[in-house]
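S.K.: Sequence first, predicted model second:
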Amino acid sequence: MKIVIGQGSCGIASGAKKTEAAFREQVKAAKLKAEIDTTGCVGTCYLEPIVDVYEDDGKMTRYVHVQPEKVGEIIESHIKGGKPVEALTIQPEDSKFIDKQKRVVLRHCGLINPEIIEDYINVGGYEATKKGVTSMKPEEVIEEIKISGLRGRGGAGFPTWFKWNAAKGNAGKNKYIVCNADEGDPGAFMDRSVLEGDPHSVIEGMTIGGYAMGATEGVIYCRAEYPLAIKRLEIAMEQAREKGFLGKNIFGSGYDFDIRIKAGAGAFVCGEETALIASLEGERGMPRLKPPFPAAKGYWQQPTNINNVETFANVAWIINNGGAAFGAMGTEQSKGTKVFALAGKIKKGGLAEVPMGLTLKDVIYGIGGGIKNDKKFKAVQMGGPSGGCIPAQLIDTPVTYEDINKTGAIVGSGGMIVMDEDTCMVDMARYFLDFTKKESCGKCNYCRIGTKRMLEILERITEGKGKDGDIELLEELAGKIKDGAMCGLGQTAPNPVLTTLKYFRNEYEDHIYNHKCTAKSCRALIKFDITDKCVGCTMCSRGCPVDAIQGEVKKKHVIDQEKCIRCGRCQENCRFNAITRE
């Protein structure tokens, strides 16, 4: 019998390390013959900690929300007695989260131990590398990627084969292939989970890509805030070298290739390829004008190709199964699958990989289970700070590069932040502008100053100090920033504002002209009152951090509006629904 505990960052944050310790202690105390193993995130982050118990015949039982106090029951009933604890197992409704997906990138996540290379080899690992470097010409590898229709999964959606071919066609003393693992979008955690759960698939994709373009060195640019991903990558690379899958004369082909890791400092602008290259070279991460493009002059002025984690994680599958098999999924222009990180006001937060072409509704309701507390769906932010808000009336939009672009948003790296009726769209735009303003490298005036001025206007509006002409000024500034900024960060920074203005203009007008927050969210524009339902239990006054609530026991209380900071704690503490928010 084998006990496998999910230990991606989400599992560890939920207590998986303590759960593992409890299993090891109790298995040892009971002298049971049960192996305890580790895996990455299976994608159902909302169910962590997750424990899979495998019988000797291969049958698997999945337990969810397994905290240390539940371990004893599983040991006694299942490990000792052979009877699964049904009350702790995953429910059919939650199983649909995985069952409705089509997994290519996530095919091994949550199923193998990412720190044991034999686990990866046992599921066909490095067969694609062997096939590519020993029986295919570089041109044939590129042609297979071309047939697949794989587009860059980092945001821009540029054809992968074209970038590889461009780098291959440029002469240079050395050529480099770079993996952009600087995942900086708020609410995005796809790349981190792949690196933590299946690092060898990325190594294999980079090796095949390096062979296709003639690179002998690869670099994984990973943000230092991902220590577990870096640790597992280092283990995976060392094991691959020991097996001869990295280094000199890979599979006896005469091809030499190795990879190193560069830990970045978490600058969002380094998601832009020329800024990333500058950081790799030890310079401040700031973009430069193109052309020349990195395929001609990139890292150390040599031909360089940059793709993100998810793009590389597709490559081995494509080489093993054929480009046509990958291209058969998705749509004519947006082929294959795409991984999305579901976050925000959604019932089932986690990772979902689906064929491109499914609608937003399919993903948010069919896989994500809909909105928390069954509230009304309002919008979804796609593409992070570079993307935009897609409103409820467009929920039937197919998830393709082309269709999402038509809404004013972008697919981006795959973040989906779901919002309900309680979300203020003006405040949401303010949040993303605050992020991009802070992350601006400051190189060009339009981005450095323009985002600051837009943020100042949005802050005034959410504070109830908006004035006539603010909307028009926002639109004017947005247009100038998009036209004048040098790199993608500045050019896309106004998108969250422009899309919320397009679809939720009434909320801006309510803030400015009616001094009202439609979602009852902005503190400066809301007011808490105690109604006649109050029974004088004193819970509200005892929980108020500024002593703004007065009243006697068993008598109606009153809020001093001058003192009230509108934190909402009184409403949270009231058990009689006696406090309103207007």
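M.R.: Noted; the coordinates are in hand. Numbers count the residues shown, from 1 in each chain.

S.K.: Only C-alpha atoms from now on, for both contacts and neighbour counts.
M.R.: OK.

S.K.: Kindly export stretch 233-241 (C-alpha atoms) in PDB.
M.R.: C-alpha atoms of stretch 233-241 as PDB (Å, rounded to 0.1, in the frame of the first residue of the first chain):
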ATOM      1  CA  LEU A 233      14.200  22.200 -10.500                       C
ATOM      2  CA  GLU A 234      17.700  21.900  -9.100                       C
ATOM      3  CA  ILE A 235      17.000  18.300  -8.000                       C
ATOM      4  CA  ALA A 236      15.500  17.400 -11.400                       C
ATOM      5  CA  MET A 237      18.400  18.900 -13.300                       C
ATOM      6  CA  GLU A 238      21.000  17.100 -11.200                       C
ATOM      7  CA  GLN A 239      19.200  13.800 -11.700                       C
ATOM      8  CA  ALA A 240      18.900  14.400 -15.400                       C
ATOM      9  CA  ARG A 241      22.600  15.000 -15.600                       C
END
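
S.K.: And the contacts of that stretch?
M.R.: 114-117, 195-196, 199-200, 203, 246-247, 259, 261 (C-alpha atoms under 8 Å, 6 or more residues apart in numbering).

S.K.: switch the cut-off to 6 Å
M.R.: By C-alpha atoms under 6 Å, 6 or more residues apart in numbering, the surrounding residues in contact with stretch 233-241 are 199, 246.

S.K.: For it, list every residue counted as buried.
M.R.: 233-240 (16 or more other C-alpha atoms under 10 Å).

S.K.: Looking at the helix or strand hosting residue 193 now, give me its mean pLDDT.
M.R.: Secondary structure assigned from DSSP states H and E places residue 193 in helix 190-197. Taken as a whole, helix 190-197 has a mean pLDDT of 96.

S.K.: roughly how far is that helix from the heart of the chain?
M.R.: In this view, helix 190-197 has its centroid 9 Å away from the chain centroid, taken as C-alpha atoms, centre = their mean, to the nearest Å.

S.K.: and what of stretch 425-441?
M.R.: Distance of stretch 425-441 from its chain centroid, counting by C-alpha atoms, centre = their mean, is 18 Å.

S.K.: same deal with stretch 215-226?
M.R.: 18 Å.

S.K.: Residue 544 and residue 529: what is the separation?
M.R.: For residue 544, the distance to residue 529 equals 13 Å [C-alpha to C-alpha, to the nearest Å].

S.K.: Where do the strands of the stretch 201-350 of the chain begin and end?
M.R.: Along the stretch 201-350 of the chain, the stretches classed as strands by DSSP state E, counting those that start in this stretch are 217-223, 258-264, 304-308, 337-344, 350-355.

S.K.: Could you list the buried residues of the fourth one?
M.R.: To tie it back to what came earlier, the one meant is strand 337-344. So strand 337-344, judged by 16+ other C-alpha under 10 Å, has buried residues 337-344.

S.K.: How many residues are close by the nearest residue to residue 133 once chain neighbours are set aside?
M.R.: Of all residues not flanking residue 133 in the chain, residue 253 sits nearest, at 6.2 Å (C-alpha to C-alpha, 6 or more residues apart in numbering). When neighbours are counted by other C-alpha atoms under 10 Å, residue 253 registers 13.

S.K.: Use 36 as the first number from now on
M.R.: From this message on, residue numbering opens at 36, which makes the last subject residue 288.

S.K.: ok, back up a step: could you check the angle strand 252-258 makes with the helix holding residue 228?
M.R.: 110 degrees (axes from the mean of the first three to the mean of the last three C-alpha atoms, to 10 degrees).

S.K.: between helix 225-232 and strand 385-390, how many degrees?
M.R.: Counting by the same axes, to 10 degrees, helix 225-232 lies at 100 degrees to strand 385-390.

S.K.: follow-up on the earlier one: keep only those of the buried residues of stretch 268-276 that are in helices.
M.R.: 268-275 (DSSP state H).

S.K.: out of these, who's nearest residue 496?
M.R.: Comparing these against residue 496 with C-alpha to C-alpha places residue 268 closest, at 45.5 Å.

S.K.: quick one, strands of the stretch 36-185 of the chain?
M.R.: With DSSP E, counting those that start in this stretch as the criterion, the stretch 36-185 of the chain has strands at 37-41, 70-74, 86-89, 95-98.

S.K.: Give me the residues contacting the first one.
M.R.: Strand 37-41 is touched from outside by 69-76, 85-89, with contacts defined as C-alpha under 6 Å, 6+ apart.

S.K.: and with 7 Å instead?
M.R.: 51, 55, 69-76, 84-90, 145 (C-alpha atoms under 7 Å, 6 or more residues apart in numbering).

S.K.: again with the last one
M.R.: Counting contacts by C-alpha under 7 Å, 6+ apart, the residues outside strand 95-98 that touch it are 85-89, 123-125.

S.K.: in it, what counts as buried?
M.R.: Of the residues in strand 95-98, 96-98 count as buried by neighbour count, 16+ other C-alpha under 10 Å.

S.K.: what's around residue 194, how many residues?
M.R.: Residue 194 has 16 nearby residues by other C-alpha under 10 Å.

S.K.: How about the contacts made by the residue lying closest to it once chain neighbours are set aside?
M.R.: Of all residues beyond its chain neighbours, the one nearest residue 194 is residue 186 (4.3 Å), with distances taken as C-alpha to C-alpha, 6+ apart. Applying C-alpha under 7 Å, 6+ apart to residue 186 gives the contacts 192-195.

S.K.: which among those residues gets closest to residue 80?
M.R.: Using C-alpha to C-alpha, the contacts of residue 186 come closest to residue 80 at residue 192, 26.6 Å.

S.K.: any idea how far that closest one is from residue 405?
M.R.: In terms of C-alpha to C-alpha, residue 192 sits 28 Å off from residue 405.

S.K.: More neighbours: which of these two?
M.R.: A direct count of neighbours by other C-alpha under 10 Å for residue 192 and residue 405 places residue 405 higher, at 21 against 18.

S.K.: The more buried one contacts residue 381, doesn't it?
M.R.: Yes - counting by C-alpha atoms under 7 Å, residue 381 is a contact partner of residue 405 at 5.8 Å.

S.K.: any idea where the helices of the stretch 286-435 of the chain begin and end?
M.R.: Remark: helices assigned in the stretch 286-435 of the chain by DSSP state H, counting those that start in this stretch are 308-315, 344-356, 358-362, 395-396.

S.K.: what's the closest of those to residue 610?
M.R.: helix 395-396 (34.8 Å).

S.K.: Give me whichever of the strands of the stretch 236-385 of the chain is most buried.
M.R.: strand 339-343 (a mean of 28; mean count of other C-alpha atoms under 10 Å).

S.K.: That strand vs helix 344-356, what angle?
M.R.: Interaxial angle, strand 339-343 versus helix 344-356 (the same axes, to 10 degrees): 100 degrees.

S.K.: And the contacts of strand 339-343?
M.R.: 187-189, 198-199, 202, 210-216, 308, 329-330, 332-333.
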